[in-house]
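Student: How does the following fold in three dimensions:
(one chain, ligands or ions: 1)
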Amino acid sequence: MTTVTQKDIATAFKQAGTVPGDTVMFHGSLKSMGHVEGGALSVIDGILDAASPGGTVGAASLWYNGNPEECPKEKFDINTSPTWVGALAETLRRDPRSVRSNSFSHSVSAIGSRAVELTENHGGGRPYPSPWSEQSFAEITPWSKFYQWNALYCFIGVDMNSCTMKHHIESRFVEGLLSQLPPERYMEFRSQLAMDCKSIFWIFYPGVKMREKLEERGLVAHTRLGDADLMSIRTRPLVENVLDILNAAPENWCTPEFYQWICAVRKAARQ
Ligand SMILES: CC(C)(COP(=O)(O)OP(=O)(O)OC[C@H]1O[C@@H](n2cnc3c(N)ncnc32)[C@H](O)[C@@H]1OP(=O)(O)O)[C@@H](O)C(=O)NCCC(=O)NCCS
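Tutor: Here you go, the predicted model:
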């Protein structure tokens with residue numbers, strides 16, 4: 001088994017394109033790299049080293065597990081609710097240097113110079129549709145800031161089925177369709193999408209198939225990190241290319257039922 005040090009992590013993240021002052025977001029598997037000296041904390045500090053000086057590292061610290069009975073949203077506690085997404089994210093969440101955004105469903109934890117700015121006011125600004133709530137992927141969230149700041153979006157030994165940013169993109173895709181409707185028909189179609197975790201009628205594009213499309217466009221970088229593949233992409237091209245691909249042929253990316261809904265919205269928009 002390969003041994004990986006904090007220095008190896010910093011080197012790999014620099015090779016993946018991290019620059020001083022960067023914001024780096026990651027999803028990952030600790031054991032995929034081999035044996036990491038110092039464990040999850042070395043991974044977080046290695047990424048911070050790569051982005052130093054002035055860098056920021058973030059991870060999804062999701063608490064809601066898809067079951068509204070096990071995780072009623074009123075029970076979310078920003079300070080104590082653990083994340084289920086793995087040891088790397090949970091270590092980052094519990095680190096005394098870290099701050100967390102206030103979202104029962106899609107919070108982000110971050111450390112570094114822009115961590116407070118990244119995580120504050122999750123759900124602010126204009127509400128946007130999503131199956132969990134209208135605040136989870138609202139106008140102002142860490143997810144919208146990753147896009148605005150063109151963060152380096154990384155996957156350590158995991159594929160793009162673990163890409164939380166996809167729900168931000170899906171939300172923007174759905175809102176983009178709804179915004180074409182005449183105002184008097186907006187609520188008619190928007191109300192067909194539940195936004196309280198209770199029923200899930202949504203696009204949910206397949207992440208691995210989308211990663212293959214992004215690879216065809218030459219947008220995904222791969223760097224060796226111990227035994228793992230460190231996959232990375234800048235967030236702006238990620239969001240803009242996925243929206244482009246979804247808009248071009250949505251029937252390839254959703255259930256027939258959801259495609260019918262898209263067609264109905266498009267028809268109403270033309271009337
Ligand atoms: C599910 C997932 C976390 C599993 O990865 P994992 O490496 O098995 O688990 P963790 O990252 O939690 O790390 C714990 C593992 O690391 C091992 N470990 C502990 N210390 C270690 C060290 N110093 N070096 C390497 N591995 C170590 C643990 O033994 C454990 O493995 P085990 O379960 O076989 O005993 C990962 O595959 C994944 O999907 N990550 C992304 C999740 C995500 O962000 N989802 C977004 C949802 S939209």
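
Student: going forward, measure contacts between C-alpha atoms and count neighbours the same way
Tutor: Noted.

Student: Around the ligand, pick out the residues from this structure.
Tutor: Within the chain, the positions near the ligand by Cα under 6 Å from any ligand atom are 27-32, 34-39, 85-88, 158, 162-164.

Student: Which element is encountered next along the chain beyond the helix or strand bottoming out on mean pLDDT in the chain?
Tutor: Of all helical and strand segments in the chain, the minimum by mean pLDDT, DSSP states H and E falls on helix 183-190, at a mean of 95. Toward the C-terminal end, the helix or strand that comes next after helix 183-190 (DSSP states H and E) is helix 207-216.

Student: Can you give me the buried ones in that following helix?
Tutor: Using 16 or more other Cα atoms under 10 Å as the test for burial, helix 207-216 gives 207, 210-211, 213-214.

Student: what's the angle from the next helix or strand after that helix to helix 207-216?
Tutor: Using DSSP H and E, the helix or strand that follows helix 207-216 in sequence is strand 221-225. Between the axes of strand 221-225 and helix 207-216, defined by axes from the mean of the first three to the mean of the last three Cα atoms, to 10 degrees, the angle is 110 degrees.

Student: name the helices or strands packed onto strand 221-225?
Tutor: Other helices and strands packing on strand 221-225, by 3 or more Cα pairs under 8 Å, 6 or more residues apart in numbering; DSSP states H and E, are helix 6-15, strand 228-234.

Student: helices and strands around the longest one, which ones?
Tutor: Identification of packing neighbours for helix 6-15 by 3+ Cα pairs under 8 Å, 6+ apart yields helix 39-50, strand 221-225.

Student: would JSON lines of those with mean pLDDT and mean neighbour count be doable?
Tutor: What follows is the helices and strands packed on helix 6-15, written out as JSON lines (pLDDT from 0 to 100; neighbours: other Cα atoms under 10 Å):
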{"stretch": "helix 39-50", "mean pLDDT": "98", "mean neighbour count": "22"}
{"stretch": "strand 221-225", "mean pLDDT": "98", "mean neighbour count": "18"}
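
Student: how about the ones you listed in a markdown table, adding distance to P237?
Tutor: Shown next, in a markdown table, are the helices and strands packed on helix 6-15 (distance: least, Cα to Cα, whole Å):
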| stretch | distance to P237 |
| --- | --- |
| helix 39-50 | 21 |
| strand 221-225 | 12 |
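
Student: Which among these is found nearest to W132?
Tutor: Judged by Cα to Cα, the one of the helices and strands packed on helix 6-15 that comes nearest to W132 is helix 39-50, at 28.6 Å.
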